[in-house]
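Participant: quick one, fold the following:
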Amino acid sequence: MRIDRFLSNLPRFNRQQVRVLLVQRRIRIDGQPVSDPKAEVREFSRVELDDEVLQAGKPARYFMLHKPMGCVSATRDPEHKTVLELIHEPDPQDLHIAGRLDYNTTGLMLITNDGNWSRRLTQPQTKLPKLYYVETEQEIGPEYVETFARGLYFAFEDLTTLPAQLQILGPRSARLSIVEGRYHQVKRMFGHFNNKVLRLHRERMGPLLLDERLAPGEYRALSDAEIRLI
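Facilitator: I've put the predicted structure just below:
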């Protein structure tokens, strides 16, 4: 929200008073005096008038989790353990999942309270690649590479998937890079060849790689450098 709109929404200020406060540089956002009415106020911003706090703000939080099997990507579930139950941090109700994984899919999961950051990570327009390690019931042939690169038609959604890159590692193992997140997309892509996915593990989301030091169920805070990558 713009700072002039933020201030005008407070019952104590009218538009003329807001203009004067900005001209006088009496408003600070995160400690910096501002005069531009278009200066952005985010939910994490600290906004002050002289020595008075108008919005205290709150810290933005970013976590990397190694999701284990048998855990649902939800804030609460009546039957199964949720990924948020693995995050032992204050105010867990403020956190949400950026990019869900199926119940038995393992690997990289990102959890945050920053909605703008998670939208940049997951919205289709950004086309950030997601890298999966896949093990299958039957052998994976070279025709998979060509078919996935062309895109597969999903009748239920009436769409064709965007080109995906498949690297065959062994007779029944591969790495697959996709830029979408359709419902059970990876399993459905291999299902096109009637080949069941036995293991699915997400290794990377865009520039963020799962920390190999994290055991399943463990998590850590992202570094400032990692946060800025998105």
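
Participant: my read is that Pro207 contacts Ala225, right?
Facilitator: No: counting by CB atoms under 8 Å, Ala225 is not a contact partner of Pro207; they are 10.1 Å apart. Backbone N, C-alpha and C define where each C-beta goes, glycine included.

Participant: of these two, who's got more company?
Facilitator: Pro207 (11 against 7; other CB atoms under 10 Å).

Participant: how close does that one get to Ala60?
Facilitator: 18 Å (CB to CB, to the nearest Å).

Participant: what of Asp102?
Facilitator: As for Asp102, its distance to Ala60 is 28 Å (criterion: CB to CB).

Participant: ok, now Val134?
Facilitator: Taking CB to CB, one finds Val134 at 33 Å from Ala60.

Participant: show me what the lowest-mean-pLDDT helix or strand in the chain is packed against.
Facilitator: The helix or strand of the chain with the poorest confidence is helix 115-122; it has a mean of 88 (mean pLDDT, DSSP states H and E). Helices and strands touching helix 115-122, as assessed by 3 or more CB pairs under 8 Å, 6 or more residues apart in numbering; DSSP states H and E, comprise strand 96-98, strand 106-112.

Participant: list the buried residues for that helix?
Facilitator: Buried residues in helix 115-122, counted by 16 or more other CB atoms under 10 Å: 117-118, 121-122.

Participant: list the residues that contact Phe154.
Facilitator: 160-161, 182, 188 (CB atoms under 8 Å, 6 or more residues apart in numbering).
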